[in-house]
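>>> turn this into a structure:
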Amino acid sequence: MGWRIRNGMSISIWNDCWLLGFPVRKVTSSQSTQVDLVSDLIDMDERSWNIDLINPIFNEADIESILDIHMSNSNQNDILCWKGEGSGLYTNLLTKRVSISNFCPRCNQSIEDNTHVGRDCPYARKVWRLLDIRWSDDASNLCFKEWLLRLFMTHNKGKHICIAVTIWSLWFARNRIICEHQYPLFVAIVQKCRMYLRHFSIRTHVLAWWKPPLEPTTKLNFDVCFSYAHQKSCSGFIIRDSAGFVLGSGFIHTHHITYVFMAEALVILQGVHFAKDIGITRSTLESDSKKIT
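This next block holds a predicted model:
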């Protein structure tokens, strides 16, 4: 997960992980009272970094990292997002020669890869056991992709969503360790999975098979949740190609939203801006909203 900086108004300079690298890191310079949000460092008229302000506040390493961040032409809200790999799988960054520890940050016993995070880590095994997702001993020797296929083949359709949500939750928990130094208990992961599963069970009547777009067009799916009491919305979107590979995904919190139609209309604009930011110019829009057509 990482921030895509637009107006910088949602990102704390001193408390958030927003500088480029792996893991995405916080600034290391001594805190200054001159600036608070990333937006304070941006020349909004020129859509560029205010170098004269940045130089006296930050150390050399932070200055270099800040100036390496490409400034978007959009003045919309910042986006917390994950950019997918062409393979559709999470990539072990060691293969990209990124200099990081190659041991699991939770158990510190084995080299970390997709299989360890999702299956072999003792932490992951406790989560699977409490969710009553089990597999045979011989399946433990399979690669991640074959093991995942085996899980879907040996469990009924009612368990398929649980499997997908659990893998996502384990990876999300791993990223919290790397980016935020937060170590969620495995019981908390189980509770989160069950919460999502309850949400899916409520909405099963609106679930439908996803249909890929025709090549070379991409498809942008979006949805939004709205709180009338707090007058804010959360927009979510995902972009996939004709093979179903994820090209990008993200979400945006927006305040001062007074009614649901406004939230559902806004998510379209936010999704299109997001697609443009990552270089996508041709995309089909799809939503389950009956109010926006």
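
>>> all contacts plus neighbour counts: C-alpha atoms, from now on.
Will do.

>>> so which strand or helix has the closest residue in space to Asp277 that isn't next to it in sequence?
Nearest non-adjacent residue to Asp277, counting by C-alpha to C-alpha, 6 or more residues apart in numbering: Ser72, 7.2 Å away. Under the criterion of DSSP states H and E, Ser72 resides outside all helices and strands.

>>> read off the pLDDT value for Ser72.
Looking at Ser72, its pLDDT stands at 70.

>>> could you do the one 3 residues further on as well?
In the predicted model, Asn75 carries a pLDDT score of 75.

>>> what do you get for the one 4 residues further on?
The predicted structure scores Ile79 at 73 on the pLDDT scale.

>>> show me the shaky parts of the stretch 1-150 of the chain.
1-2, 20-24, 74, 80-101 (pLDDT under 70).

>>> strands of this protein, start to end?
2-4, 42-43, 48-49, 79-82, 218-227, 232-240, 246-255, 283-286 (DSSP state E).

>>> what lines up beside the third one in the sheet?
In its sheet, strand 48-49 lies beside strand 42-43 (antiparallel), with partners assigned from DSSP bridges.

>>> roughly how far apart are Thr284 and Ala275?
11 Å (C-alpha to C-alpha, to the nearest Å).

>>> ok, those two, which is more surrounded?
Ala275 (23 against 13; other C-alpha atoms under 10 Å).

>>> surely the more buried one is in contact with Thr281?
Yes - here Ala275 reaches Thr281: they are 7.2 Å apart, a contact under C-alpha atoms under 8 Å.

>>> so the residue nearest to Asp277 makes contact with Gly279?
No - in this structure Ser72 lies outside contact range of Gly279 using C-alpha under 8 Å: 11.6 Å.

>>> just want to know which of the two has more residues nearby.
Per other C-alpha under 10 Å, whichever of Ser72 and Gly279 has more neighbours is Ser72, with 14 against 9.
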